[in-house]
Structure formats: structure tokens, C-alpha cells
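Asks: sequence and computational prediction follow.
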Amino acid sequence: MTEAGLRRTVRAEPSTTAGTLRRLRVVLVGGCVLCGALCVLAFTGAHRTVDLGLERSAQAVLQADAVAAALADADRTAAEGIRSGTAALGGNAGQYDNDIAAVHQGLELIAEHRTSEDEEAERKLELVNGLVVSYTAQIQQAHADLQQDHRSLSLVYLRNASALLHQDDGILANLSELRGLEERVLQRQRSSVWAAGATSLLWLLPVVALAALLVRTDVLVRRRFRRRLNAGLLAAFAALLVMAGTAALSLLSNAQFDEALDGPYAEVRTAGLREAANTDGDGRNEIAALARELCGRARDCAPEILDGTFLPPSLGAPPSEARAGDAPKALRDAQRKGLEEFGRESGAAGAAFGVRVALIVAMAALASAAIAFGLRPRINEYRFRRS
């Protein structure tokens, strides 16, 4: 073969540099798609865990606390009304009616927010609803006997209603078990793999590898073509950084999850439990005082009434310690304010979720397009050169 023919054959063979750039383009574009998908997966998993934990499971637990506090206050109000001999239970403006309305609303919210799929949780919720109906029927009968001036009989129904509230298989016990089931779900969500910082390695390592490959590609292009700047590769690198930064917000969401549970959530729970213990102690005192009054008028009085053992078991702190804390109204106000604040914080945690996912997808698409745009002229320019 002559020298001219050999020269024509060499010119006709594709450059190995062009082939290398084509392979790099495929790998880089594929890497952008993969990194984008992994970022969306990690970010969505973290958001879903935080959303279920803060906006549903934690809310269900807090509502269970609120229901327990409202029941204790209803019991206290009923005892006060019967002891004073007034019609304190009647009318829409009565505190008892407000408490029972709050109980029914709280149970509806528990059913709405709970994330436990356990059949036992469903059964406990139905049982609590049924027992609350029985409790209100007993209180209504106690009130009817009071209106007919049968105070002793009214005391019996009041005591039976309070026992239904406090006994081992009563309303508060079943409500506590329901709350415990939801608390266990919340703890599983808190310790979920999506709430762990190590999950960030799922997207972080591929992003770092892709960034390193982008830098090597830029160095190759700069050395072969003696150009200082490749706008496409630079834009792809910037888009990759934005995508990684957005995905890193999942770590911030996880931190906010822990902060919310250790802060507002714990504070609201403490206020609710203190309120329930305080008002429960007041109710027991009212029933005991009514019994002593009736015993003072009667010729005979059962020993269990005299020594107080007829009273239902205490919900929390003993009556003598119940008043050591804040007044019930102040605790109710603190609990209600805390619930509202916690709801706002939990809602804000996922407010920008859709925007951030869209940003990750857009940055992955932008990086892919920028890589293709940045390498195409160089591939065309070097297509038939000798490497």
C-alpha cells in the first residue's frame, strides 16, 4: 500500500478519543439518572417517615392524652355537680358537655391519625367508644336521680361511672393500651432506616463518584482540546451540587423529627398527663366528700365508704399531691397551645416536599442535558482525528 493510501485509511478510521468521549457521555448521563433516582428515593423515604411520625402517629398519641384529660375532667365536673345539687351537667354550655364533646372529637382524631394497622388497635378504639357511651349513660342516670332528690342513688351511679372509667379493663386502661400501640409504631418510625443518617450513603457515594468522573472528563477535554472551560460540564457539576444539597435536606428533616419529639411533643405530653392527674384527684375528692356528707345524714354507712376504699383506683398522682401542679384550666390551655404549636411544626416539616422532589428531578435532567451538550461539539470535532 502506498503512503497516500495509508494516509487515507488512517483518516477514515474513527478516533479512539471520540469513542472515549462517547462512552463517557453514556456513563455520565446514566450516572445522572441513577443519582437523581437515588436522591428522590432517599428523600421520599425520609419525608414519608417524618410525615407519618409527626403528622399522624405523634398526633394520635397526643389526642389520646387529651381524651384521657377530658374524661378525668368530665368525671370531676359530674361529681361537683351532684355534690352541689345543681344542674351543672345540663345545657350546651356545661363543662361536662364540653368535656364529653372533646372526648368524642379526640377519638375521631385518633381514628383519623393512627398508623397502627394492628387489629387490636382497631378493637381497642371501638371498645373505648362503646365504654364512653356507657359512661355517659351512667352519669345521665346519676343526674336524673339528683333531680328527683335521690342523692344516695345518684352517688351509686356516679361511683359506678367513675369505676367504669378507672377499673383495670375500663376506659382509661383500654385508652392507655391503644396509646401504647401507637407509641410503639412511632418509635419504629423514629428508628427506621429512612430516619437514620447512614441512609445518606445510598445517594451520597454515587453522587461523589459521578462528581469525580465529571472532573476527570473535564481534565481530559481540557488536555486534548486545550480549552480552559467547558460550559456544559461546568453546568452539569453545578446541577449535581444543587441536587445533592436538596437531597441532604432529608438529614435536616430527620434532625427536626428528633427535635420535635424531644421538644414540643414531650412538653405537650407532660402537660396532658399532669392535667389528667390533677383533675382526677379533684374528682376523687369530690366523690369522697359527697359520700361523707351522705354518711353523716344516714344511720348506717358501709365501711368501705367510711374508709374510702369504695373509690375507684387513682388515675395518677394521689389527691393530696394532685394540686401541687398548675391549675387544671392552665394545664388545659398549655396542652391546647402545645397541640397547635406541634401541629404547625409537623405541617411545616413537609410543606416544601413536592418542590424539593421536583428540584431534584429537574437538576438530574439539567445535568444530563448539559453533559450531552458539552461533549457533543468535542466529539464531532475529534471524530476523525488520530488519537
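Replies: In hand now; what should we look at? Note that the structure is predicted; figures quoted are calculated from it, not measured. Residues are numbered from 1 along each chain as shown.
Asks: residue 24 versus residue 215, what's the distance?
Replies: Going from residue 215 to residue 24 by C-beta to C-beta, to the nearest Å gives 12 Å. Quick note: C-beta positions are derived from backbone N, CA and C, even for glycine.
Asks: burial of residue 262, as a residue count?
Replies: Neighbour count for residue 262, taken as other C-beta atoms under 10 Å: 10.
Asks: ok, now residue 137?
Replies: 13.
Asks: which helix runs longest in the protein?
Replies: What stands out as the longest helix in the chain, according to DSSP state H, is helix 16-52.
Asks: which parts of it are buried?
Replies: Using 16 or more other C-beta atoms under 10 Å as the burial criterion, the residues of helix 16-52 that qualify are 17-18, 20-21, 24-25, 28-29, 31-32, 35-36, 38-40, 42-47, 49-52.
Asks: again with stretch 161-176
Replies: Across stretch 161-176, burial judged by 16+ other C-beta under 10 Å covers 161, 162, 163, 164, 165, 166, 170, 171, 172, 173, 174, 175.
Asks: pLDDT score for the third one?
Replies: The predicted structure scores residue 163 at 81 on the pLDDT scale.
Asks: likewise for residue 267?
Replies: Model confidence at residue 267, given as pLDDT, is 76.
Asks: quick check: phi and psi at the closest residue to residue 59 other than its chain neighbours.
Replies: Spatial nearest neighbour of residue 59, excluding adjacent residues (C-beta to C-beta, 6 or more residues apart in numbering): residue 113 at 4.4 Å. Backbone torsions for residue 113, taken as degrees, to the nearest 10, come to phi -90, psi -20.
Asks: now swap in residue 357 and tell me
Replies: The phi and psi torsions at residue 357 (degrees, to the nearest 10) take the values phi -60, psi -40.
Asks: so it makes contact with residue 45?
Replies: No - in terms of C-beta atoms under 8 Å, residue 357 does not count as a neighbour of residue 45; the distance is 11.7 Å.
Asks: for burial, what's the neighbour tally of the residue nearest to residue 59?
Replies: 19.
Asks: what segments of the stretch 51-200 of the chain are helices?
Replies: Under the criterion DSSP state H, counting those that start in this stretch, helices of the stretch 51-200 of the chain are mapped to 58-84, 95-113, 119-147, 151-166, 171-190.
Asks: following element in sequence after the last one, please.
Replies: Once helix 171-190 ends, the next helix or strand along the chain (criterion: DSSP states H and E) is helix 201-225.
Asks: list the buried residues for the next helix or strand after that following helix?
Replies: Scanning forward in sequence from helix 201-225 by DSSP H and E, the next helix or strand is helix 231-260. By neighbour count with 16+ other C-beta under 10 Å, helix 231-260 contains the buried residues 232-233, 235-237, 239-240, 243-244, 246-251, 253-254, 256-257, 260.
Asks: over to stretch 173-188?
Replies: 173, 174, 175, 178, 179, 181, 182, 183, 185, 186.
Asks: what sits closest to residue 121 if chain neighbours are left out?
Replies: Nearest non-adjacent residue to residue 121, counting by C-beta to C-beta, 6+ apart: residue 181, 4.7 Å away.
Asks: what separation do you get for the spatially most central residue of the chain and residue 357?
Replies: With distances taken as C-alpha atoms, centre = their mean, the residue of the chain nearest its centroid is residue 54 (1.5 Å). Taking C-beta to C-beta as the measure, residue 54 falls 18 Å from residue 357.
Asks: also residue 187?
Replies: For residue 187, the distance to residue 357 equals 27 Å [C-beta to C-beta].
Asks: circling back to that earlier point, can you tell me which of the helices of the stretch 51-200 of the chain the model trusts least?
Replies: Across the helices of the stretch 51-200 of the chain, the stretch with the lowest average pLDDT is helix 151-166; it has a mean of 80.
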